[in-house]
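Q: Quick one: sequence plus predicted model below, questions after.
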Amino acid sequence: SRATGGVGGGVGVAGSFCVYSAKTGTRGVFGRERGPVTVGATTLTLTGGNVSMKDESTAKNDVTATSKASGSDTGVGASIGINISLNDTIAEIEAGEQVSGNTVGFSVPANSANAVTTGTQAGAQGSTSVGGAISIVVSEDNTFARINSGAGGAIALTGDLHADATHTNTVTTTASGEAAGGDVGVGISLALNIVLENTQATLARSFTGAHDVSVTSGSVVLTNAETKASAKGQSSDSNGDAKGGTASKTSDQETTDRSNFANSRAGTSADPTTTGQNGMSTANSKSSSESSNSASSGGTSVAATIAVNYADVDNKASIADGVLVSATGKMDVKAANNTDTITQAIATATNTDADTGVAAAVGLNIALVTNTASVGNSVNLTAGSIDIEAGMAPSTTNTFQSRALSGAASSDTAVGGSISVQYIDEETNATVGNNAVLHATGGNVDVNAESLNEIQNLAGGGALSLEGGTGIGVAVAVNIVNGLDTNAT
């Protein structure tokens with residue numbers, strides 16, 4: 001989806017607004033009820049051959065909004081892009097259905113691959129110019145491969161048993177606001193990602209006589225929010241001066257407003273500002289105390305940029321309580337995850353003819369990640385070898401990165417301020433329940449958990465007064481690591 005706008009004249013105003021919303025559901029399901037609820041369970045008796053219930057989906061959402069305005073007196077350019085992607089990929093035997101008999105192989109795979117790309121650009125030129133760009137993304141994906149519980153007793157196999165779910169999602173969001181003004185230039189940009197991912201592989205029925213068995217869940221999620229603005233900072237009021245207007249919003253208020261709007265459109269309820277509230281409060285307090293100096297006179301170059309990532313990722317492979325599975329080959333219960341969340345906000349105010357230049361950048365990166373491989377209570381497993389593992393996707397490391405950089409230069413007063421906050425809660429568990437029996441007839445029983453993480457947080461603020469005025473540079477970086485827990489029990 002694409003929108004563009006451009007205009008020129010004495011007063012130039014250009015706007016671009018693009019919204020894309022997609023909700024998809026692909027399902028390969030036995031026992032799916034349609035219409036009125038049926039009486040009793042759906043019944044399936046297997047008499048040989050192979051059973052395969054496979055579901056695959058690919059989704060690609062692109063949103064682009066651009067605008068450019070120029071005017072000899074005033075130029076105003078504004079671009080807004082909203083991208084909503086809601087996808088369900090489900091292969092399963094529903095709970096409560098009756099399945100019995102014998103067959104060769106039994107396979108329930110679910111695979112999804114998604115990409116969400118959003119970019120906004122706004123430019124303005126004039127004696128007074130304002131350029132603002134806003135990009136908002138809500139991406140929610142559920143990928144399930146589930147053999148749920150039901151009547152019928154243990155199913156006899158002579159081949160392989162598989163319940164495997166794989167999911168990838170790449171979210172790339174950019175916003176760029178530029179303003180070139182002889183007297184007043186204001187550039188604003190906001191990028192907001194709300195990403196909710198749930199990948200599950202579940203085995204809740206008993207099987208005998210299998211060869212190889214796999215219950216695996218793989219999740220790779222990459223999210224990036226990047227903003228740039230040519231002149232940034234929040235004016236003391238909505239008019240851009242020190243009096244006469246409505247007080248401008250803080251970065252928390254701006255993020256909350258945009259999150260509420262996005263959640264209302266998508267039907268979700270994620271709240272980035274609540275999760276990162278402590279860090280943002282600390283950073284805002286520190287920044288305010290360091291940069292309480294105020295200045296206003298002649299030409300002004302001022303604006304604000306905010307980049308926010310909120311990612312809630314849950315990846316799980318599990319065998320439910322009380323299940324019995326016997327096999328002659330290998331048995332794998334594995335959850336493999338890779339989550340990268342990257343936030344970058346860059347602000348520059350470099351009109352050296354202006355009396356005042358203000359650049360402010362805010363980056364907020366929130367990652368909530370759970371990766372679990374579990375065998376439930378009272379489970380009985382027999383195989384040549386048994387491997388229960390919660391770990392990383394092949395050749396990967398979780399990357400949590402936030403950067404906020406600002407620089408300002410003016411003839412008299414310059415202020416450059418940056419705040420970068422990260423909140424990380426990551427948990428990796430490989431577990432075997434109480435009273436479970438795991439019997440390897442020819443190899444090992446292994447229970448492993450591994451989590452590899454890289455954390456980077458960078459804030460930089462610089463200011464230069466060319467004529468011996470005042471220069472204030474402020475940078476605050478806050479990391480809140482609520483947990484990096486890795487357990488094999």
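A: Done, it's in.
Q: Please export the C-alpha coordinates of the helix or strand that residue 475 is a member of as CSV.
A: Element membership of residue 475 [criterion: DSSP states H and E] is strand 470-488. Once non-C-alpha atoms are left out, strand 470-488 reads as follows in CSV (Å, rounded to 0.1, in the frame of the first residue of the first chain):
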residue,chain,number,x,y,z
THR,A,470,25.1,28.3,25.4
GLY,A,471,25.5,24.6,24.4
ILE,A,472,24.0,21.8,26.4
GLY,A,473,24.4,18.2,25.6
VAL,A,474,22.6,15.5,27.5
ALA,A,475,22.6,11.7,27.1
VAL,A,476,20.9,9.1,29.4
ALA,A,477,21.0,5.3,28.8
VAL,A,478,19.1,2.9,31.1
ASN,A,479,19.1,-0.9,30.9
ILE,A,480,16.5,-2.8,33.0
VAL,A,481,17.1,-6.5,32.8
ASN,A,482,14.3,-8.1,34.7
GLY,A,483,15.6,-11.6,34.0
LEU,A,484,17.9,-13.6,31.8
ASP,A,485,16.9,-17.0,33.2
THR,A,486,18.1,-20.3,31.7
ASN,A,487,17.0,-23.5,33.4
ALA,A,488,17.3,-27.3,32.7
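Q: strands paired with it, and their directions?
A: strand 413-432 (parallel) (DSSP bridges).
Q: For the strand holding residue 475, buried residues please.
A: For strand 470-488, a neighbour-count test (16 or more other CB atoms under 10 Å) marks 471, 472, 473, 474, 475, 476, 477, 478, 479, 480, 486, 488 as buried. C-beta here means a position set from N, CA and C on the backbone, and glycine is covered the same way.
Q: Could you measure from the residue lying closest to the second one once chain neighbours are set aside over to residue 362?
A: In space, and not counting its chain neighbours, residue 472 is closest to residue 415: 4.7 Å by CB to CB, 6 or more residues apart in numbering. Going from residue 415 to residue 362 by CB to CB, to the nearest Å gives 14 Å.
Q: Same question for residue 215.
A: 42 Å.
Q: For these two, indicate the residue with more neighbours.
A: residue 362 (35 against 28; other CB atoms under 10 Å).
Q: if I pick the more buried one, what's in contact with it?
A: 251, 304, 305, 306, 307, 345, 404, 418, 419, 420 (CB atoms under 8 Å, 6 or more residues apart in numbering).
Q: ditto for residue 15
A: So residue 15 contacts 5, 67, 77, 78, 79 (CB under 8 Å, 6+ apart).
Q: As CSV, the residues you listed with neighbour count, pLDDT and secondary structure would be great.
A: Formatted as CSV, the contacts of residue 15 follow (neighbours: other CB atoms under 10 Å; pLDDT from 0 to 100; DSSP: H, G, I helix; E, B strand; the rest coil):
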residue, neighbour count, pLDDT, secondary structure
5, 18, 51, strand
67, 28, 89, strand
77, 32, 84, strand
78, 23, 89, strand
79, 31, 93, strand
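Q: Put together JSON lines for the residues you listed, with distance to residue 223 on each row.
A: Output for those, formatted as JSON lines (distance: CB to CB, whole Å):
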{"residue": "5", "distance to residue 223": "28"}
{"residue": "67", "distance to residue 223": "26"}
{"residue": "77", "distance to residue 223": "27"}
{"residue": "78", "distance to residue 223": "25"}
{"residue": "79", "distance to residue 223": "21"}
